[in-house]
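Undergrad: Here is my input, please return the structure:
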Amino acid sequence: MAQTLASPAHSELIIKKSRFIGCVQPMADRASAQAAVDALWKEHPTATHICWALLAGGQSAAVDDGEPGGTAGRPMLDVLRHQELEGVLATVVRYYGGVKLGAGGLVRAYTDSVAQALLGAEKVLLQRMATLQCSLPYDMEGWLRRDIAQAGAQLLQVKHDNLVHLQWQLPESEAAAQVQRLNDQGQGRLGWLEHWKD
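TA: Numbering: from 1, shown residues only. Predicted coordinates:
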């Protein structure tokens, strides 16, 4: 099951006089990741490279930032995949020490930087969420709101017109049971909506 990180974790390695500063942190999307990398450049303006990898659904990335192709970003991304992480950004700031590491040495250095940072990272299980939405008569609104609250679900939106329309979110693993329970108790008066209409 996919996991993410509770908070950022760091590492620092010195390999043949080059300094590698690693960081792994929770990250929602590519735009946020780019902003984090830009902030790193401000923090480390004299760094030789800032390589990074992002696993965030369809917005994954592997950036070598001038290192030989495939020696930094891709190996970092592989570490995140191997750990079954999601919504995580890995960055490694490199200060060149004057000794070339070769392709194999670079792959090891960037992989180790991310792996070392992950050793100190607190991982949390990612729970897939389901969004449910239905319409029902006004006299049933209180009943449904109570059921949503008792299920520990998060009420997202409520609209009132000729019917009451509610939208809420809960763990995907609990959604089918709640729908079944509501259908059993709702006496056919709930209308389930595929798409929320504004």
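Undergrad: would you list every one of the helices in the protein?
TA: 30-43, 73-82, 102-119, 141-150, 172-185 (DSSP state H).
Undergrad: Could you list every helix and strand that the first one packs against?
TA: So that's helix 30-43. On a contact count with 3 or more C-beta pairs under 8 Å, 6 or more residues apart in numbering; DSSP states H and E, helix 30-43 meets strand 49-55, strand 61-63, strand 88-95. In this view, the C-beta of every residue, glycine as well, is placed from N, C-alpha and C.
Undergrad: Need the residues that contact the longest one.
TA: Right, the one you point to is strand 88-95. With contact meaning C-beta atoms under 8 Å, 6 or more residues apart in numbering, strand 88-95 is reached by 4-5, 18-27, 32-33, 36-37, 40, 44, 46-56, 67, 72, 76-77, 79-80, 109-110, 113-114, 117.
Undergrad: Just the buried ones from those residues, in ChimeraX syntax?
TA: Applied in ChimeraX, the following selects the buried portion of the contacts of strand 88-95 according to 16 or more other C-beta atoms under 10 Å:
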select :4,5,18,20,21,22,23,24,25,26,27,32,33,36,37,40,47,49,50,51,52,53,54,55,56,67,72,76,77,79,80,109,110,113,114,117
